[in-house]
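Engineer: Show me the folded form of this:
(one chain, ligands or ions: 1)
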Amino acid sequence: MSKPNIKNNEKKEKLITSLLDQMTLEEKVGQLYQTAIMGEFDYGPAFEKNNVSVLIKEGKLGSMIGPYDNQVSMKLQKIAVEHSRLGIPLMFCNDIIHGCRTGFPVNIAMSGSFNPELVKKSAEVIAFETSHSGTHVTFAPMLDIVRDPRWGRVVESPGEDPHLGSVMADAWVSGFQGEDPSDGNHIASCAKHFVAYGAAEAGREYNTVDISERMLRNIYLKPFKQAVDSGVKMVMSAFNVYDGVPMTANKFLLDDVLRKEMGFDSVIVSDYTSTEEIMNHKIAKNKEEVAEKCLNATLDIEMISTSFLKHLPELAQHSPKILDQINASCKRVLGLKYDLGLFDKPYKNMYPKFEDYFLLPESRHMSLQMALESAVLLENKTHILPLDKTQKIALIGPFSTTNRLVGPWGGKARNEDCVTFYEGLSKVFDHVMVSEGSKLKEMTEDMISDAVKIAREADVVILALGEDQYESGEANSKTNISLSDAQYELVKAVNEVNKRIVAVIFSGRPLILTPLIPYVDGLLYAWFLGTETGHALADLLSGSKNPSGRLAMTFPRHQGQIPLYYNHMKTGRPLDPINHPHNHYTSRYLDSVNTPLYPFGYGLSYSTFEHTDIKVSRDVFENGTLEVILDVKNTSDHAGYDVIQLYIEALHFSVTRPVNELKAFNKVYLKPHETKQLTFELTMDDFKAYGYPMHYSTESASYLIKLGNNSNDIFYTHQIQLKEGI
Ligand code: BGC
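Structural biologist: Reported below is the predicted structural model:
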């Protein structure tokens, strides 16, 4: 992140102080209001109806969501700069979540690449396209830890693990913002949704959240803390309540924890109308109370709702405290505009031909690299994969020829730019037949018999199955997360005539795949891979590239196991599945094993690896670190990536802690038969947790250090004793 520049800071302070001296109360409150002009509304009735231009002229609007069109941005910015009294520029924000115009894989898939360097480079490409289309802030990354795949927004998240989430938080924030978000190629980043939105009860969108403060601190806050440490410029408050108080009005979490404990000193924005929704929670009677409570919680910008705009000026007349809070918030918003370079260059990058910066070959190349490392190989029975390019392939299923591959929250990415599965395969394989076989949720006899016909003629069948891209994302919770009956009809019919089946699954969430497994030899989880989908899948299936993605979220066997996540707490009556699998009074189900279908961190490769010479450098900390060293050998003829994961387990602590906690990982590329030495470095901080009372420490405790291929497959364990708790 950028180093503090004292001269620049003085200039900034001077400019902002002088502006604050000149601004009326209404103008200050105006900086705290954000409205939206999007899509069909550009130039449309909403533009006139909302009197946006009048508000800008009067200095009563500080920032906007959208527009997606620079002609409109220019027009609006001109009003702000040339026709408002003080000429304060507008700040344009957008939801650029996993790609601007070049579509990248959805976030949960990118997280599963376990490759933060590549995610950072992807974020740089996304920032480049975004910045050159006149947007200043992206509402990303989404850093909600998730444990319930019924919730549609798992697709936007970094997954279920706080360490992986934190590593990805740093990659996204530093990629978006660069050294200096004003440099024209970068943008400001907004970490969202603060906090615990991912713990919505029953996976139902916008539902209540009720978790302990210890859980909040040990799990949910971690990626946000990292985002703050990485210099994130904005944080968005979440829709949910925490401990009965809606996040947008939650002074304890916004002010005491985010600002004072974590040291966040920039802008907090509400979520879409989440301010006035506190009236639905019945903690505010009217909009005056909404304004007072949210401002008091140190919220700076109100998104869409107008309680601040309408009521703060009046409230401030009678309350010096409110006036001070308005000044503080306005100062933070102006500070961010300054950091974005908007006072010097309000029209920066607002080219009429902004599309020239989109979909550049190098951007598509980066999206392809990311897609190659995001897909996860889940099954490879009989070594059916990789496929020989001369084999006769039957590509069957609702995702064979569709271009609906961007995924939810696709920014400006378009389906038309996506390389379909069929296009990709046809370029690489000599003989590809194709048949849709079924729609996502329905099929006809004719469709199935068409598919069966080509399946019969083929050497191998590839089934392209899944959920539509808009079955995950915001407000897309589901109670049934299995493949549809229509798709199972297709699978069974095809399996009758050809047993050599590879399924490729498209979805924004972990689906329940248990009934599919007996029908397939190969299984590749594609998630949604974006613009380069077809190319990436063809490279992976043909073996010119080797799958290396891992699951950032546990895949349950049955819906009834949800929530199921690897870092669960211990129970007083654990099941011993090997020696006493039928012990009745243990923590288990009558009708299912406890384990998932695929655990967190799981993913196969065409290579095989051997791990030898594993050493823990010392059992106690010296100079604050401890090293774990090992040799990794690729024992196969395929070049490929190994992803070694380091977990710890506290064996004695004042509160119960998870069975495994990921603390480090190493993704390493090895040529056939190559060996490399790897070193993991752990610090004291990696062993700390909030114990009892609420104190962050290692405590004086014994720990296991474990190395694994995933959270369930541990190949090395070593016990250490920390001498002194800190
Ligand atoms: C979503 C946010 C998003 C905002 C602005 C809300 O509905 O929860 O994630 O940034 O809209 O589009």
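Engineer: For stretch 603-613, give me every contacting residue.
Structural biologist: Applying C-beta atoms under 8 Å, 6 or more residues apart in numbering, the external contacts of stretch 603-613 come out as 112, 376-380, 385-386, 543, 546-551, 629-636, 638-644, 670, 672, 677, 707, 710, 715-716. Placement of C-beta: from N, CA and C, glycine included.
Engineer: Return the residues in contact with Lys178.
Structural biologist: Slight slip there: residue 178 is Gly, not Lys. Glu124, Ala127, Asn185, His186.
Engineer: Go again with 10 Å.
Structural biologist: Met1, Ser2, Lys120, Ala123, Glu124, Ala127, Phe128, Ser131, Gly184, Asn185, His186, Ile187 (C-beta atoms under 10 Å, 6 or more residues apart in numbering).
Engineer: go on, Ala701?
Structural biologist: Contacts of Ala701 by C-beta under 10 Å, 6+ apart are 650-654, 657, 687, 689, 691, 720-722, 725.
Engineer: Of those residues, select the buried ones using a PyMOL command.
Structural biologist: Those of the contacts of Ala701 that count as buried under 16 or more other C-beta atoms under 10 Å are selected in PyMOL with:
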select buried, resi 650+653+654+657+687+689+691+720+722+725
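Engineer: and the contacts of Ala701, which of them are in strands?
Structural biologist: Taking DSSP state E as the definition of strands, those contribute Ala650, Ala689, Gly691, Ile720, Gln721.
Engineer: quick one, domains of this protein?
Structural biologist: Structural domains annotated on the chain: 363-542, 609-722, as defined by automatic domain parsing.
Engineer: got those as TSV, with distance to the ligand and mean pLDDT columns?
Structural biologist: Shown next, in TSV, are the domains of the chain (distance: least, C-beta to the nearest ligand atom, whole Å; pLDDT from 0 to 100):
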stretch	distance to the ligand	mean pLDDT
domain 363-542	5	98
domain 609-722	26	94
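Engineer: Between these, which one is closest to Pro149.
Structural biologist: Closest approach to Pro149 among the domains of the chain is made by domain 363-542 (4.5 Å; C-beta to C-beta).
Engineer: Return the residues of the stretch 251-400 of the chain in contact with the ligand.
Structural biologist: Asp271, Tyr272 (C-beta under 6 Å from any ligand atom).
Engineer: Try it again at 8 Å.
Structural biologist: Proximity of the stretch 251-400 of the chain to the ligand (C-beta under 8 Å from any ligand atom) is limited to residues Asp271, Tyr272, Met303.
Engineer: Derive a ChimeraX selection command for the buried subset of these.
Structural biologist: To isolate the buried subset of these in ChimeraX, counting by 16+ other C-beta under 10 Å, use the following:
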select :271,272,303
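Engineer: could you redo the residues of the stretch 251-400 of the chain next to the ligand as JSON lines and give each row pLDDT and secondary structure?
Structural biologist: Rendered in JSON lines, the data for those read as follows (pLDDT from 0 to 100; DSSP: H, G, I helix; E, B strand; the rest coil):
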{"residue": "Asp271", "pLDDT": "97", "secondary structure": "coil"}
{"residue": "Tyr272", "pLDDT": "95", "secondary structure": "coil"}
{"residue": "Met303", "pLDDT": "95", "secondary structure": "strand"}
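Engineer: just the residues of the stretch 251-400 of the chain next to the ligand now: which is nearest the ligand?
Structural biologist: For these, the residue nearest the ligand by C-beta to the nearest ligand atom is Tyr272; the value is 3.8 Å.
Engineer: is it true that that closest one touches Ser237?
Structural biologist: No: judged on C-beta atoms under 10 Å, Tyr272 makes no contact with Ser237 at a distance of 11.0 Å.
Engineer: Need the overlap of contacts for these two.
Structural biologist: In contact with both Tyr272 and Ser237: Met303, using C-beta under 10 Å, 6+ apart.
Engineer: What is the subsequent helix or strand relative to the top helix by length along the chain?
Structural biologist: Identified as the longest helix of the chain according to DSSP state H is helix 320-339. Remark: after helix 320-339, the chain's next helix or strand is helix 361-374, criterion DSSP states H and E.
Engineer: Need the contact partners of the next helix or strand after that next one.
Structural biologist: Sequence-wise, the next helix or strand downstream of helix 361-374 (DSSP H and E) is strand 376-380. Identification of contacts with strand 376-380 by C-beta under 10 Å, 6+ apart yields 109, 112-113, 385-386, 502-503, 505, 513, 516-517, 520-527, 540-541, 546-552, 555, 597-598, 602-606.
Engineer: and if we set it to 7 Å?
Structural biologist: 112, 517, 520, 522-525, 547, 549-551, 598, 603-605 (C-beta atoms under 7 Å, 6 or more residues apart in numbering).
Engineer: Give me the buried subset of those residues.
Structural biologist: 112, 520, 522-525, 547, 549-551, 598, 603-605.
Engineer: Cross those residues against helices and list the overlap.
Structural biologist: Using DSSP H, none of these sit in helices.
Engineer: Next, count neighbours for Lys321.
Structural biologist: 12 (other C-beta atoms under 10 Å).
Engineer: contacting residues for the residue of the stretch 51-200 of the chain found nearest the ligand?
Structural biologist: Using C-beta to the nearest ligand atom, Phe139 is the residue of the stretch 51-200 of the chain that sits closest to the ligand, at 3.6 Å. Neighbouring residues of Phe139 by C-beta under 7 Å, 6+ apart: Cys93, Asp95, Cys190, Lys192, Met236.
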